[in-house]
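> any chance you could fold what I've pasted below:
(4 chains)
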Number of protein chains: 2
Amino acid sequence: MSKKKTNVTVHDLARELNLNASSVSRALNDHPRISVETKQRVLKLAKKYNYKLNKAAYTLRTGKGKTIGVIVPRINRFFFSNAIHGIEEIAASQDYNVIICQTLDSTTKEMKSIKALLGDKVDGIVASITPDVEAKNPYAKCCANYKEVVKSQTPLVFFNMVCEDFKVSKVVVDDELGGFMGTEHLIQEGAKRIALLSGQTHLNIYYRRLEGYKRALTRHGYPIDESLILDGDLTEHAGYECTRKLMAMQNPPDAIFAVTDYLAIGGIRFLKRNGYEVPGDVLVCGFMNEPFNDLLQPSLSSIEQHSHQMGQTAAEMLLDEVMRPKKNATAQTVVLTPELMTRHSSSLEKSVLTPG
Amino acid sequence: MSKKKTNVTVHDLARELNLNASSVSRALNDHPRISVETKQRVLKLAKKYNYKLNKAAYTLRTGKGKTIGVIVPRINRFFFSNAIHGIEEIAASQDYNVIICQTLDSTTKEMKSIKALLGDKVDGIVASITPDVEAKNPYAKCCANYKEVVKSQTPLVFFNMVCEDFKVSKVVVDDELGGFMGTEHLIQEGAKRIALLSGQTHLNIYYRRLEGYKRALTRHGYPIDESLILDGDLTEHAGYECTRKLMAMQNPPDAIFAVTDYLAIGGIRFLKRNGYEVPGDVLVCGFMNEPFNDLLQPSLSSIEQHSHQMGQTAAEMLLDEVMRPKKNATAQTVVLTPELMTRHSSSLEKSVLTPG
DNA sequence: AGTATGAAAGCAATCGATTGCTTTACTAAA
DNA sequence: TTTAGTAAAGCAATCGATTGCTTTCATACT
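The predicted model follows:
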């Protein structure tokens, strides 16, 4: 900001060391053509004067911005703000800046964000795709969006909600396992008939949670009753309505596993309002582990997705790709292990010890 | 990113228009020394080729980074992620980038963030200070932190939690009014003895909420009973404990106003666990309007602080300062009006219509 | 001795926009 | 007709780091 020649440049260092700026630059970048001795002299002086790379000059010359872009639906959703936190940490540690874009759940805005980031010539992009809920195949369109990124050769890493067809690195939580864990937990707590409040099962993450649910049932010798599997919106309201339907069955469930905490909360609301005890009559477990689950009554059991770590990992992978020479087709997928967070809503025992 | 000469430069435009790059640059910047006619020709071609300023070159030449820094305690708190959303919007609209720093509630990290941003030569900083809760006067130390910013001449705008001693622009919500509104609301709902669960009252925002509380009581002819005013941590636990104390009084309150939703939630938990009805026996109102207040049982009334708008306004003021020539001492303070969000916890009527 | 070999470092151009200082080309005043 | 005056635009340097191409030595080899 200030006009003062406050910052040391390679030229300053070069002058003092009786070297040329180019040599200083090479020394700082550990270029093999500079002698070890010179490198040490340069490094020492650089430290002494607290030399800092001028990012603008670097970018102008190299075209690399030392900046990564992040695209998420909304930054004020806990999951994403937490992931961004992780991304920021890693980026900052490598002296990279982060530009955050929100799609506000619109694929049109998603496209705009992508164009903006590519226009800014970011060095890479970390993204959780915005599914087009209107489309039959929600992935089709957004995949199309990200084709631009691939075309531009910009390194790309997906996290959370990913595009399967792209040969890029991905970080996801093991949704199948999450579905399994939650279901098995309910079984272990004594549930006999477990309903699943699902999201749209053509969305990969919800489909996989459904699979995990089925695997747990099968593993424990429970039948899979399709009438206990409902899908739709992810809202609290949807949870309320689905639960109403479920409890109206002749043979209603004694446990509800929801793929989202909001769904679970809606379910609990219906149950409480209609005289059912949670967990006394019906056990409930959600998914996402929203920070307020602890505050609910009863507190809501859930599956933690480690969003913070997800962000960190995604950023690490991206920066690795950005800085490493492009060894082709290194796309790898990191799968994080979800964690069951047991609270009152799914545990009679807990509930007795420390009531709601 | 890509090496292709994908971006149009002033030189490209100049060549095509038979002009000099400097003239093109001046035309684009609406410099008075360029004829209107030429400006129009340039602008037209720029539009045609979708000319975009090369930020790196601009920054290198001018020292201005077209970047603003944001410092907040944590970006995954809804209030802040929401404010950041607002800041991003405004910044993006002016082609500014945003660098986000978190202090994680540590004044030491706050200092680091400040140094990092100043090192990055950001054009300005938007900050919500991180009070040092250990210190007797929590403002003293953080104010010290921000002195660096002022020294460096970097434009600075505070929001939410501000440093009173600085002659810089500020955006805050009218906490006094918020305190007043919440209290008056409880009075109107029939409360006779209203307790206040406060934060540390040497923190300005809590002090002002306290003042508003007192003003409302006085205005309505209620006595101010100091024994009904408790302060301390802002945790749910603190809310629980304080409420326990309150209800143990011979003359317990029939309403609780908490300066934070977490405090209120703790209070409600105590009440429910001990056989009190909310709102039947005790009315409760919080402050912050956390997004999950709607999900609680009963849903929690609260004071909305318009964090999104706060971010927008702060960013607008900052960019104004950044772009305007430094007319000295223009520091202004914008005070936003809080909003009462009535829900079940404070309203018998609501509660009856649509039970908890 | 004479040249090949190569390590170490210097030179100068480059990236794109900006800006102080000219130059150009008229018009108005003397 | 000459000169001052001015509007319009060009020239060239600059910001700091990078990098292809040389240059400079010095050691090795025939």
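
> use CA for all of it now, contacts and neighbours both
OK.

> tell me which parts of chain A are close to DNA strand D?
Within chain A, the positions near DNA strand D by C-alpha under 7 Å from any atom of the strand are A:5, A:7-11, A:21-23, A:25-26, A:28-29, A:52-55, A:57-58, A:60-62.

> of those residues, buried ones?
Among those, those buried by neighbour count (16 or more other C-alpha atoms under 10 Å in any protein chain shown) are A:9-11, A:21, A:23, A:25-26, A:28, A:53-55, A:57-58, A:60.

> separation between the closest residue to residue A:254 other than its chain neighbours and residue A:349?
The shortest distance from residue A:254 to any non-neighbouring residue, by C-alpha to C-alpha, 6 or more residues apart in numbering or on different chains, is to residue A:282 (4.6 Å). Going from residue A:282 to residue A:349 by C-alpha to C-alpha, to the nearest Å gives 14 Å.

> ok, the two, which is more surrounded?
residue A:282 (23 against 13; other C-alpha atoms under 10 Å in any protein chain shown).

> might you report the residue contacts of residue A:53?
By C-alpha atoms under 8 Å, 6 or more residues apart in numbering or on different chains, the contact list for residue A:53 reads residue A:9.

> before we move on, what about residue A:148?
Going by C-alpha under 8 Å, 6+ apart, the list of residues near residue A:148 reads residue A:114.

> any idea where the strands of the stretch 101-250 of chain A begin and end?
Here the stretch 101-250 of chain A has its strands, by DSSP state E, counting those that start in this stretch, at A:124-127, A:156-159, A:169-173, A:194-198, A:229-231.

> name the SS class of residue A:69, please.
Recorded secondary structure, residue A:69: strand (DSSP: H, G, I helix; E, B strand; the rest coil).

> thought residue A:59 was touching residue B:55?
No - using C-alpha atoms under 8 Å, residue A:59 is not in contact with residue B:55, being 9.0 Å away.

> counting neighbours, what do you get for residue A:186?
24.

> distance of residue A:276 from residue B:199?
37 Å.

> between those two, who's got more neighbours?
Applying other C-alpha under 10 Å to residue A:276 and residue B:199 shows that residue B:199 carries more neighbours, namely 24 against 15.

> spit out the contact partners of the more buried one.
Counting by C-alpha under 8 Å, 6+ apart, residue B:199 has contacts B:206, B:231, B:232, B:233, B:234, B:259.

> which non-adjacent residue is nearest residue A:113?
residue A:101 (6.0 Å).

> pLDDT score for the one you found?
We have a pLDDT of 91 for residue A:101.

> that one contacts residue A:80, doesn't it?
No - with contacts counted by C-alpha under 8 Å, residue A:101 stays clear of residue A:80, the gap being 11.4 Å.

> now the common contact residues for the two.
By the contact definition C-alpha under 8 Å, 6+ apart, residue A:101 and residue A:80 are jointly contacted by residue A:72.

> how far away is residue A:186 from residue A:288?
16 Å.

> show the contacting residues for the nearest residue to residue A:338 once chain neighbours are set aside.
Leaving aside its sequence neighbours, residue A:338 sits nearest to residue A:305 (C-alpha to C-alpha, 6+ apart; 5.1 Å). For residue A:305, the contacting residues are A:173, A:288, A:289, A:336, A:337, A:338, A:339, by C-alpha under 8 Å, 6+ apart.

> pick out the most distant pair among these.
A:289 and A:336 (15.1 Å; C-alpha to C-alpha).

> and the two? which has more neighbours close in?
residue A:289 (23 against 18).

> check the gap between that one and residue A:256 for me.
16 Å.

> ok so, going back, any of the contacts of residue B:199 buried? List them.
B:206, B:231, B:234, B:259.

> which residues of chain A score low on pLDDT?
Within chain A, the ranges that satisfy pLDDT under 70 run A:1-6, A:133-142, A:325-329, A:350-356.

> for it, which segments count as helices?
In chain A, helices defined by DSSP state H lie at A:10-17, A:21-28, A:36-48, A:55-62, A:78-93, A:107-119, A:138-151, A:175-188, A:204-219, A:236-248, A:261-273, A:307-323, A:348-353, listed in chain order.

> name the residues of the stretch 51-200 of chain A found near chain B, please.
When proximity is defined as C-alpha under 8 Å from any C-alpha of the partner chain, the stretch 51-200 of chain A approaches chain B at A:55-57, A:59-60, A:63-65, A:75-78, A:81-82, A:85, A:97-99, A:118, A:121-123, A:152-154.

> selecting buried members of those residues in ChimeraX, what would you type?
Of these, the buried ones go into a single ChimeraX selection, burial set by 16+ other C-alpha under 10 Å:
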select /A:55,56,57,59,60,63,64,65,75,76,77,78,81,82,85,97,98,99,118,121,122,123,154
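
> isn't residue A:180 up against residue A:213?
Yes - counting by C-alpha under 8 Å, residue A:180 does reach residue A:213; the two are 4.9 Å apart.

> and the two? which has more neighbours close in?
For residue A:180 versus residue A:213, neighbours defined as other C-alpha under 10 Å are more numerous around residue A:213 (28 against 23).

> confirm for me that residue A:309 is in contact with residue A:86.
Yes - with contact defined as C-alpha under 8 Å, residue A:309 reaches residue A:86; the gap is 6.2 Å.

> great, nothing more from me.
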